[in-house]
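Undergrad: 3D, please:
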Amino acid sequence: MSEPKVMLVDGMALLFRGYFANSYGGYIRKTKAGLPTNAVYGFIKYLLDACKTFNPTHIVCTWDLGSKTLRTEKFSDYKGNRPEAPADLIPQFDLVKDVVRGLNIPNISFPGYEADDCIGTLSKQLSEHMEVCVLTGDHDMLQLVAERVKVIIMKKGPSNYAVYDTEKLLEEKQLTAKQFIDLKGLTGDTSDNYPGVKGIGEKTATKLLVEYESIEGILDNLEQLPKGVKAKIEADLEMLHLCRDLATINCEAPVTCSPDECFWQPDHVKINALFEELEFGSLVKEVNRLIAVS
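TA: Numbering: from 1, shown residues only. You can find the predicted model right below:
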């Protein structure tokens, strides 16, 4: 029996990746009845591949709900640069949750909180019982790396993952998980549309954090900094603190999931019926192979 390990899945990261990987050249996979399924198909492919690679005994899937969150209350432009979802992706938002339920995996979300916050909270709760691995494409999650929490970043192409534990994070990024939050405060995040300190890039921010450990350490030593860097930080102090706040994953979100609730027991018959209905014939074999091994 393998050691218990829970995989916390960033649902939207997999769904969007699945959509764009399976709409190449303008072809959108649909059922005979005309329901678009390309994103859900891609989502399942990625999920099964991660299950095969990392062998979780427990799985939870987390979701964002709408665009209004605690972060947009603090900064109205937060994620304001995101384009509208493609029309043929919209009906797949509910469909994918039905499919996840059909795989006997709990869907977890909470109004006002992002999937990141749900993952942060659950990683804290579940790491008391077992090893945790977070499956995402989002480097913001690196702040969750801890002794019993690894973050798996999906890279381009199938079965291509970067797995971060505390050693790998320090070796590759020169920063601890906690410093990763301060890095985002300094540099901002273009994909989430918050600016950080104007004119401070990742290289300068990393150098400052390696030397002074934290934003507080940097501010305590402003007089030691090169004139240009000092001036940039002083000009954007308020934004620096706001951006660090926006970058911080809330690990106290009002969500919970016990190990018993997320123990993965896929139901052969249920999955076969579901995949037949969605016309995912090729995936039936794939999931049955996976279940036979586990």
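Undergrad: which residues touch stretch 154-162?
TA: 13-14, 17, 45-46, 49-50, 53, 135-137, 152-153 (Cβ atoms under 8 Å, 6 or more residues apart in numbering). No exception for glycine: its C-beta is placed from N, CA and C like everyone else's.
Undergrad: And it, what's buried?
TA: Using 16 or more other Cβ atoms under 10 Å as the test for burial, stretch 154-162 gives residue 154.
Undergrad: Show the average pLDDT along it.
TA: Over the span of stretch 154-162, the pLDDT mean works out to 90.
Undergrad: before we move on, what about stretch 182-194?
TA: The model assigns stretch 182-194 a mean pLDDT of 94.
Undergrad: Show me which residues of it are buried.
TA: By 16+ other Cβ under 10 Å, the buried positions in stretch 182-194 come out as 182-189, 192, 194.
Undergrad: Stretch 128-142 too?
TA: Residues 131-142 are the ones in stretch 128-142 that count as buried (16+ other Cβ under 10 Å).
Undergrad: what's the span of that stretch from first residue to last?
TA: By Cα to Cα, to the nearest Å, the extent of stretch 128-142 from end to end equals 19 Å.
Undergrad: Give me the distance between it and the centre of its chain.
TA: 8 Å (Cα atoms, centre = their mean, to the nearest Å).
Undergrad: returning to what we had before: give me the subset of the contacts of stretch 154-162 lying in strands.
TA: Counting by DSSP state E, the part of the contacts of stretch 154-162 found in strands is 135-136, 152-153.
Undergrad: So which of those is the closest to residue 83?
TA: For these, the minimum distance to residue 83 (Cβ to Cβ) is 20.3 Å, reached by residue 136.
Undergrad: wait, doesn't the closest one sit right on residue 144?
TA: No: with contact defined as Cβ atoms under 8 Å, residue 136 does not reach residue 144; the gap is 9.5 Å.
Undergrad: excluding its backbone neighbours, what's nearest the most far-flung residue of the chain relative to its centre?
TA: No residue in the chain sits farther from the centre than residue 223, which is 37.8 Å out by Cα atoms, centre = their mean. Leaving aside its chain neighbours, residue 223 sits nearest to residue 230 (7.6 Å; criterion: Cβ to Cβ, 6 or more residues apart in numbering).
Undergrad: Just the C-alpha atoms of the helix or strand hosting that neighbour, please, in CSV.
TA: For residue 230, the host element (DSSP states H and E) is helix 227-235. Coordinates of each C-alpha in helix 227-235 appear next as CSV, following Å, rounded to 0.1, in the frame of the first residue of the first chain:
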residue,chain,number,x,y,z
LYS,A,227,19.8,55.7,-5.4
GLY,A,228,17.6,54.6,-8.3
VAL,A,229,16.2,51.5,-6.6
LYS,A,230,15.6,53.5,-3.4
ALA,A,231,13.7,56.2,-5.3
LYS,A,232,11.5,53.6,-7.1
ILE,A,233,10.5,51.9,-3.8
GLU,A,234,9.8,55.2,-2.0
ALA,A,235,7.6,56.3,-4.9
